[in-house]
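Got a sequence here, can you build the structure:
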Amino acid sequence: MKKIVTLGEIMLRLSPPGYERFLQANSFDINYGGAEANVAIALSNLGYETQFVTKVPDNAIGHAAINSLRKYGVHTENVIFGGNRLGLYYLEKGYSVRASNVIYDRADSAFANVKIDDFNFDKIFDKADLFLVTGISPAVSPNACKLTKKALEFAKERGLTIVIDVNYRAKMWSLEDANETMKDLLKYADIIIGFSPDILLEIKEDLSDDKHENLLKRMVETYGVKTAVSTFRKSHSANRNSLYARLYDGKKLYTSKEYSFDIVDRVGGGDSFTSGLISGLLDGKDTQETLEFATATSVWKHTILGDANVLSKEEIEKLSNGGSTLVQR
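Below you'll find the predicted structure:
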């Protein structure tokens with residue numbers, strides 16, 4: 001069985017019930033999540049051995065966050081307990097013309113104050129095949145950025161396949177800081193996920209559909225990676241989107257089918273795409289099939305409440321192959 005390691009911050013998500021605004025809310029629904037944790041859960045549900053690495057406070061909330069991973073089979077033996085608090089984020093779900101809104105409260109979290117010496121990377125990467133990080137972790141704090149780079153160095157030395165999802169968060173750091181940092185980290189990657197030309201290529205203008213191929217090629221050439229891939233979203237409203245994906249492997253551009261769909265919960269859609277892409281690669285699917293599987297995985301997630309995608313390969317493949325939405329009896 002293939003082993004995947006992910007590293008990042010898991011947070012407590014607080015959301016007003018339904019589509020209430022923050023100002024209306026008298027209670028919050030609770031979920032736990034974070035980009036790298038979401039990928040670990042999704043891949044565990046798809047049948048892989050996954051390990052999530054992080055630091056959380058040694059209190060009931062920290063343990064509850066880790067239990068939310070364990071119940072899906074994610075290995076957490078290399079999680080470190082300590083620090084002051086678990087990071088939080090508040091999500092107000094959008095509807096129609098009203099966009100969703102996220103407020104972060106993660107300053108001074110356990111992960112923000114993490115130290116490189118907290119972790120035994122020889123143990124973490126023992127028998128691992130693939131390592132995933134995102135651009136969110138280095139944005140959390142200078143300490144988390146140093147940890148991310150050190151983990152990438154260890155993974156590279158051990159010959160793991162390295163996947164980096166750019167995952168730019170404007171509320172966490174500036175374009176200038178993201179640009180400087182990600183240029184340094186992306187030299188370790190084999191696969192780049194996320195079409196952020198303003199960060200990766202310092203291109204500011206709006207990009208038409210026919211420019212994607214050349215820009216994905218430039219990403220491959222600029223960073224010396226094997227593959228550059230991204231989803232492309234059209235937002236018809238806050239709860240109605242269209243989505244397709246493109247991948248360039250150094251030789252050819254691949255494009256997935258496009259889906260239009262209603263949204264129950266958008267959070268984790270990109271993480272689900274990443275998990276589907278990794279699954280396809282590890283299973284040895286051909287490139288077009290891998291891209292279709294990843295895109296269908298992302299679309300499926302938009303119909304599921306919470307951060308994590310809890311799907312089987314059979315369900316994803318059914319959608320990818322044009323499956324029916326009739327009741328399953």
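
pLDDT wise, what is the residue nearest to residue 302 when sequence neighbours are not counted at?
Take residue 302 and drop its neighbours on the chain: the residue closest to it by CB to CB, 6 or more residues apart in numbering is residue 263, 4.7 Å away. For glycine as for every other residue, the C-beta is placed from the backbone atoms N, C-alpha and C. According to the prediction, residue 263 has pLDDT 93.

likewise residue 168?
pLDDT at residue 168 comes out at 87.

about what we covered before: so the residue nearest to residue 302 is in contact with residue 238, correct?
Yes. Applying CB atoms under 8 Å as the test, residue 263 and residue 238 come out as touching, 7.5 Å apart.

More neighbours: which of these two?
residue 263 (21 against 17; other CB atoms under 10 Å).

could you point out which element follows the lowest-mean-pLDDT helix or strand in the chain?
Least confident element among the helices and strands of the chain, by mean pLDDT, DSSP states H and E: helix 197-200 (a mean of 56). Downstream of helix 197-200, the first helix or strand assigned by DSSP states H and E is helix 212-223.

Following the chain onward from that next one, which element is next?
Counting by DSSP H and E, what follows helix 212-223 is strand 227-237.

Past that next one, which element shows up next along the chain?
Counting by DSSP H and E, the next helix or strand C-terminal to strand 227-237 is strand 240-248.

Which strands or helices does that next one pack on?
Judged by 3 or more CB pairs under 8 Å, 6 or more residues apart in numbering; DSSP states H and E, strand 240-248 is in contact with helix 212-223, strand 227-237, strand 253-255, strand 259-262, helix 287-301.

Starting from the second one, tell me which strands it pairs with and how they run.
Just to be clear, that refers to strand 227-237. Sheet pairing for strand 227-237, assigned by DSSP bridges, gives strand 191-193 (parallel), strand 240-248 (antiparallel).

shaky segments in the protein?
195-213, 323-329 (pLDDT under 70).

If we use 80, what do you get?
Where the chain drops to pLDDT under 80, the residues are 1, 195-215, 322-329.

now the strands for the stretch 1-150 of the chain?
3-7, 11-15, 29-33, 49-53, 55-56, 80-81, 88-92, 101-105, 130-134 (DSSP state E, counting those that start in this stretch).

Just put those strands in TSV and tack on distance to residue 66 and mean neighbour count.
Shown next, in TSV, are the strands of the stretch 1-150 of the chain (distance: least, CB to CB, whole Å; neighbours: other CB atoms under 10 Å):
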stretch	distance to residue 66	mean neighbour count
strand 3-7	14	26
strand 11-15	12	22
strand 29-33	9	18
strand 49-53	8	24
strand 55-56	6	26
strand 80-81	8	15
strand 88-92	16	19
strand 101-105	19	13
strand 130-134	18	27
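
one step back: which one of the strands paired with strand 227-237 is the most hemmed in?
strand 191-193 (a mean of 25; mean count of other CB atoms under 10 Å).

Please tell me how far the residue nearest to residue 302 sits from residue 232.
Remark: distance between residue 263 and residue 232 (CB to CB, to the nearest Å) = 16 Å.

cool, residue 95 as well?
23 Å.

that older thread, would a markdown table of the strands paired with strand 227-237 with distance to residue 51 be doable?
A markdown table is the format used below for the strands paired with strand 227-237 (distance: least, CB to CB, whole Å):
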| stretch | distance to residue 51 |
| --- | --- |
| strand 191-193 | 19 |
| strand 240-248 | 26 |
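
Mind checking the ones you listed for the one nearest to residue 258?
Nearest of those to residue 258, taken as CB to CB: strand 240-248 at 3.9 Å.

which residues touch the closest one?
With CB atoms under 8 Å, 6 or more residues apart in numbering as the test, strand 240-248 has contacts from 212-213, 216-217, 219-220, 227-236, 253-263, 266, 269, 273, 287, 290-291, 294-295, 298-299, 302.

next one: stretch 264-274
Here stretch 264-274 makes contact (CB under 8 Å, 6+ apart) with 13, 33, 35-36, 38-39, 42, 91, 93, 100, 132, 163, 165, 167, 193-194, 231, 241, 243, 245, 294-295, 297-309.

now do 6 Å
The contact list for stretch 264-274 (CB atoms under 6 Å, 6 or more residues apart in numbering) reads 35, 38-39, 42, 165, 193, 231, 294, 297-298, 301-303, 305, 307, 309.

Drop anything exposed from those residues.
Among the contacts of stretch 264-274, the ones that count as buried by 16 or more other CB atoms under 10 Å are 35, 38-39, 42, 165, 193, 231, 294, 297-298, 301-302, 307, 309.

For residue 139, state which of those is nearest.
residue 35 (10.9 Å).

Setting the sequence-adjacent residues aside, check what's closest to that closest one.
residue 134 (4.7 Å).

what does residue 184 give?
Per CB to CB, 6+ apart, closest to residue 184 is residue 149, 7.2 Å.
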